[in-house]
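*Asks:* Structure for this input, please:
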Amino acid sequence: MNILLALAFSGILAAQTPPKSWIDPDTGHRVLRLTDEPGSASLYFNQNAYTPDGKKMVFTTPGGISTLDLKTMETKRVVEGRVRVIIAGFKTNNVYYTKDNAVHVTNMDTGASREIAKMPARGSIATVNADETLVAGTYIEGNCQDYNRGQRTLETPRNKGQMMEERLAARLPMAMFTINTKTGETKILHKATDWLNHLLFSPSDPSLLMFCHEGPWHKIDRIWTIRTDGTQLTRIHTRTMAMEIFGHEFWSPDGKTIWYDLQTPRGEVFWLANLHLETGRRTWYSLQRNEWSIHFNVTRDGTLLCGDGGDPGQVARAPQGQWIYLFRPQLIANRGLDDKSFVQPGVLRAEKLVNMSKHNYRLEPNVSFTPDQKWVVFRSNMFGPTYVFAVEVATAGSTDHPARP
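*Replies:* Predicted coordinates:
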């Protein structure tokens, strides 16, 4: 009896193990499962997860940080223990993370690790600059333990809306700071009672830092940039309509453009907008309700975009939005007045890559392109536990489809 029960139980476990690859019957695109450990996850959509040579991808597991060789598909644990990953370096094969109230760095090839510096009390580190000389973060001044959120969880909390309202109303004094990765020297560059969050350095300009005023999007001016010496505080988007919202901002890989979700008004008209920092030109790409995504991303050459969709509980209230999408941006030809101050309109032409109807969107998929632009990486709980997956941009029958990411 015990042997039979054991065999039956092992059969159930085998049935629950997700396949290593399959062709999505609704889209014709090939999907790979990249990780084997339940609870493994790709990084947040705007965190760099790839080494400078494009050969390795960083991902998290319940036991630490690992890398995936995108050619051999071999995984390697590079950091042990409960940590919070920050980013993979833009210049070196280093991964940066926080552990035990300090910021650390580990070389993915050699395993050499060191503590950079202790974090300020009630502080967090969010980003590393392009030449890996600075990390940046924020801290709450004074004794405000109730708002020290600690470790980031993968799933969106059920009471997030209430938390956002309460935290914004608290108007807690905050400081934005940098730490020198060589010396550990800390400098404060900005103070405010706005809720400062989502710091993200430019991937090309070591002194340019993007951040947001956090809170319910219809109540804040969200996207800003600042120099690491505290100068040139700049608002990236100015609201022109009641209930207009914008956010989930991210850099283009060359650091020349800031992209963001824009809705005019909230939950009704949907755009993926961008600002080119050198020229000041703005482009807004329209998309349909079902094509709106929690997060978007862009290829290194800027020719393709992707999105992770959303369920009916998201702001778009999309009845059929549970897909991983590929978008081909198409500008609308201007046959009228050529005013450089006008927004350049465009349209995102959508292609469905993965049916996500079995995915619970409390876990945000967080899409990104592999460096070769041939795969879209995302995390999903469609089989129960969270794993990292990749879907091929080309359809399975295409002549140019590669063997692996």
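*Asks:* so what's S113 up against?
*Replies:* 79, 104-107 (C-beta atoms under 8 Å, 6 or more residues apart in numbering). Placement of C-beta: from N, CA and C, glycine included.
*Asks:* Most neighbours among these, which one?
*Replies:* For those, the largest number of neighbours (other C-beta atoms under 10 Å) sits with V79, at 23 neighbours.
*Asks:* following the longest strand along the chain, which helix or strand shows up next?
*Replies:* Counting residues, the longest strand found in the chain (DSSP state E) is strand 344-355. Downstream of strand 344-355, the next assigned helix or strand under DSSP states H and E is strand 368-369.
*Asks:* what's the average pLDDT for that following strand?
*Replies:* For strand 368-369, the mean per-residue pLDDT is 98.
*Asks:* what helices or strands is it leaning on?
*Replies:* Identification of packing neighbours for strand 368-369 by 3 or more C-beta pairs under 8 Å, 6 or more residues apart in numbering; DSSP states H and E yields strand 296-298, strand 375-380.
*Asks:* Other residues contacting it?
*Replies:* 42-43, 45, 49, 297-300, 304, 306, 375-378.
*Asks:* Could you dump those residues into TSV and include pLDDT and neighbour count?
*Replies:* Formatted as TSV, the contacts of strand 368-369 follow (pLDDT from 0 to 100; neighbours: other C-beta atoms under 10 Å):
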residue	pLDDT	neighbour count
S42	98	27
L43	98	23
F45	97	23
A49	98	25
N297	98	24
V298	98	23
T299	98	20
R300	97	16
L304	98	18
C306	98	25
W375	98	26
V376	98	29
V377	98	29
F378	98	29
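*Asks:* ok, back up a step: list the strands paired with the longest strand of the chain, with their directions.
*Replies:* Partners of strand 344-355 in the sheet, by DSSP bridges, are strand 282-287 (parallel), strand 323-331 (antiparallel).
*Asks:* Distance to D338 added to those strands, as a markdown table?
*Replies:* What follows is those, written out as a markdown table (distance: least, C-beta to C-beta, whole Å):
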| stretch | distance to D338 |
| --- | --- |
| strand 282-287 | 15 |
| strand 323-331 | 14 |
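*Asks:* what would those strands look like in CSV with mean neighbour count?
*Replies:* Formatted as CSV, these follow (neighbours: other C-beta atoms under 10 Å):
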stretch, mean neighbour count
strand 282-287, 19
strand 323-331, 19
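*Asks:* Can you tell me which of these is nearest to D131?
*Replies:* The closest of those to D131 is strand 282-287. By C-beta to C-beta, the value is 28.7 Å.
*Asks:* Distance to T27 and mean pLDDT added to the strands paired with strand 344-355, as CSV?
*Replies:* Shown next, in CSV, are the strands paired with strand 344-355 (distance: least, C-beta to C-beta, whole Å; pLDDT from 0 to 100):
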stretch, distance to T27, mean pLDDT
strand 282-287, 18, 98
strand 323-331, 8, 98
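*Asks:* ok, and what's touching the longest strand of the chain?
*Replies:* With C-beta under 8 Å, 6+ apart, strand 344-355 has contacts from 24-27, 29, 31, 272, 281-288, 291, 305-306, 322-332, 334, 376, 378, 389, 391, 393.
*Asks:* how much distance is there from stretch 298-316 to the middle of the chain?
*Replies:* Centroid separation for stretch 298-316 versus its chain: 11 Å, with C-alpha atoms, centre = their mean, to the nearest Å.
*Asks:* meant to ask about stretch 170-185
*Replies:* So, by C-alpha atoms, centre = their mean, the centroid of stretch 170-185 is 22 Å from its chain's centroid.
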